[in-house]
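In: Just the structure for this:
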Amino acid sequence: MLPVLNETSTDDRRRTLLKKHRARWWASLLLLLITLAGCGSLGVSVRGPETFDISCARPSAGATPQTIPAHVVHTATATLVLVPVCLSGQGPYPFILDTGAAHSLVDRRLVDRLHLVMTGQTASATGAACTAVAAQVQVPNWSVGQVPLRAQTLTSLSLGDFPGAAGIGGLLGSDVWSRFGQFQLDYRAGRLMLPGPEQATAPTAAATTAVSGSGAPANRQVPITIVHPAMGTLALVPVTLNGAGPMMFVLDTGSSTSVVDHSLAQRLGLPPVGHTQHAATVSCATTTQPVHVATWKVGAVDLPAQNLDSITLAVPNLTGLLGSDVLYRFGTITVDYASAHLVLAS
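Out: Predicted structure coming up:
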């Protein structure tokens, strides 16, 4: 039996577009959300575990807003955000803050080191470019910073099998972040703000009190569509490329560079830039042909011309990923799952 696909959007036009393409998106989103949907790190190498000045001994379950340190790894062409995660009182270990992962993931080496219990079950894990078989592991006691997280089953792969993952303990995905209702990420200050403890389940359309920035200009508020099948969560944002669209891109803080599907790039005539390059995703390595986008926007927010990675995405009809290379330019972003908005600071 197929799981129910729940859709939440505050934008009538977006709902109309989704209904029009419902049959096309159903199969692709179902696959994407049952498995892992993170692009991991493209072009960024983290050399060894990052040091976070927190203690894993006593997580706090306070009801007040919480601030968590975030380590922003930034180069001329790529950006990645790491947050401290404690497992069974050990750590903290650097996990990628990955809204593009429908299910959170822990590195297999860390599973072995901490003697976490394997469930004996496996699942297909689909990254940006291919699919791998992943084990499932029980995590009864864990936290992000000193904020406790609900016990759950995580996907497990060996991140050491692909370049650019040295020292990374896993991916913290939208299945976790959505349970807080929203989060605010300050790329420049290197901090993550949560409104309080996580909820038992991810919110749907109910409004929540913003951490800050609720009075942001309307043209800086981007409608997002939240999908919740099979206990996974993703956020989709409307992107227009050279006047074509809008098309639904995954909001993917875990992708260090933004990505457009290769076939879409060809249909839109996006000019290639330079030669093909190697790229690493969570489950495999692939090649990318950078292409140039002269005019594009997310929602009503204009974005500067730039090159995007053009990859043949593994999920049919997935058009692209909006990554941290774009989002960090706004300084601070608020991903509001509960009221279905992305707020970009001016």
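In: Okay, helices next: where are they in the chain?
Out: For the chain, the helices defined by DSSP state H occupy 12-20, 22-34, 108-114, 174-177, 262-267, 324-327.
In: weakest of the ones you listed by average pLDDT?
Out: Note on these: helix 22-34 shows the lowest mean pLDDT, a mean of 33.
In: give me the beta-bridge partners of residue 236?
Out: residue 225, residue 250 (DSSP bridges).
In: give me the number of residues near it?
Out: Per other C-beta atoms under 10 Å, the neighbour tally for residue 236 reads 25. The way it works is simple: take the backbone N, C-alpha and C, and place the C-beta from them, glycine included.
In: ok, it - contacts?
Out: Residues near residue 236 by C-beta atoms under 8 Å, 6 or more residues apart in numbering: 224-227, 248-251.
In: Just put those residues in TSV and tack on pLDDT, distance to residue 114 and neighbour count.
Out: Formatted as TSV, those follow (pLDDT from 0 to 100; distance: C-beta to C-beta, whole Å; neighbours: other C-beta atoms under 10 Å):
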residue	pLDDT	distance to residue 114	neighbour count
224	93	34	27
225	91	36	23
226	90	32	24
227	82	31	24
248	91	37	24
249	94	35	26
250	93	30	30
251	95	30	26
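In: And these, which is closest to residue 307?
Out: Using C-beta to C-beta, residue 249 is the member of these that lies nearest residue 307, at 15.9 Å.
In: separation between that closest one and residue 78?
Out: Going from residue 249 to residue 78 by C-beta to C-beta, to the nearest Å gives 17 Å.
In: With residue 291 instead?
Out: Using C-beta to C-beta, one gets 16 Å for the distance from residue 291 to residue 78.
In: do the same with residue 264
Out: 21 Å.
In: Excluding chain neighbours, give the residue nearest to residue 277 in space.
Out: Take residue 277 and drop its neighbours on the chain: the residue closest to it by C-beta to C-beta, 6 or more residues apart in numbering is residue 288, 5.4 Å away.
In: Now do the same for that neighbour: its pLDDT.
Out: 81.
In: so how many other residues sit close to it?
Out: By other C-beta under 10 Å, neighbour count at residue 288 equals 22.
In: Is it in contact with residue 310, as I believe?
Out: Yes - here residue 288 reaches residue 310: they are 6.1 Å apart, a contact under C-beta atoms under 8 Å.
In: Give me the contacts around stretch 263-274.
Out: Residues from elsewhere that reach stretch 263-274 (C-beta under 8 Å, 6+ apart): 241-242, 244, 247, 260, 289-293, 307-308, 310, 312, 319-320.
In: Report the buried residues of it.
Out: By neighbour count on 16 or more other C-beta atoms under 10 Å, the buried set for stretch 263-274 is 264-265, 268, 270.
In: lowest average confidence, helix or strand, in the chain?
Out: Least confident helix or strand of the chain, by mean pLDDT, DSSP states H and E, is helix 22-34 with a mean of 33.
In: how much space between residue 293 and residue 190?
Out: Distance, residue 293 to residue 190, by C-beta to C-beta: 28 Å.
In: of those two, who's got more company?
Out: Using other C-beta under 10 Å as the criterion, residue 293 and residue 190 rank with residue 293 on top: 20 against 13.
In: Could I get the full set of strands for the stretch 201-346 of the chain?
Out: Remark: strands assigned in the stretch 201-346 of the chain by DSSP state E, counting those that start in this stretch are 221-223, 225-227, 234-241, 244-251, 259-261, 277-280, 285-293, 296-298, 301-303, 306-311, 320-322, 332-336, 341-344.
In: most tightly surrounded among the ones you listed?
Out: strand 320-322 (a mean of 28; mean count of other C-beta atoms under 10 Å).
In: contact partners of that strand?
Out: 39, 100, 128, 237, 239, 247, 249-252, 255, 258-261, 264, 298, 308, 313.
In: Within the sheet, what are the partner strands of that strand, with directions?
Out: Strand 320-322 pairs in its sheet with strand 244-251 (parallel), strand 259-261 (antiparallel), by DSSP bridges.
In: Report the mean confidence score over stretch 147-155.
Out: Here the average pLDDT along stretch 147-155 is 90.
In: If you count neighbours, what's buried in it?
Out: Within stretch 147-155, the residues that count as buried by 16+ other C-beta under 10 Å are 147-149, 152-155.
In: Which residues outside that stretch are in contact with it?
Out: With C-beta under 8 Å, 6+ apart, stretch 147-155 has contacts from 36, 59-61, 66, 68, 103-106, 119, 123, 125, 134-143, 170, 175-176, 179, 194, 197-198, 200.
In: end to end, how far does it reach?
Out: For stretch 147-155, the first and last residues are 21 Å from each other (C-alpha to C-alpha, to the nearest Å).
In: show me where pLDDT drops low in the stretch 51-200 of the chain?
Out: For the stretch 51-200 of the chain, the stretches with pLDDT under 70 are 51, 61-62, 77, 120-133, 160-166, 200.
In: mind listing the strands for it?
Out: 66-69, 71-74, 79-87, 90-97, 105-107, 117-126, 131-139, 142-144, 147-149, 152-157, 170-172, 182-186, 191-194.
In: Just name the most buried of the ones you listed.
Out: Comparing the strands of the stretch 51-200 of the chain by mean neighbour count (mean count of other C-beta under 10 Å), strand 170-172 comes out on top with a mean of 28.
In: neighbours around residue 189, how many?
Out: 14.
In: Mind listing the shared neighbours of residue 288 and residue 310?
Out: Common neighbours of residue 288 and residue 310 (criterion: C-beta under 8 Å, 6+ apart): residue 259.
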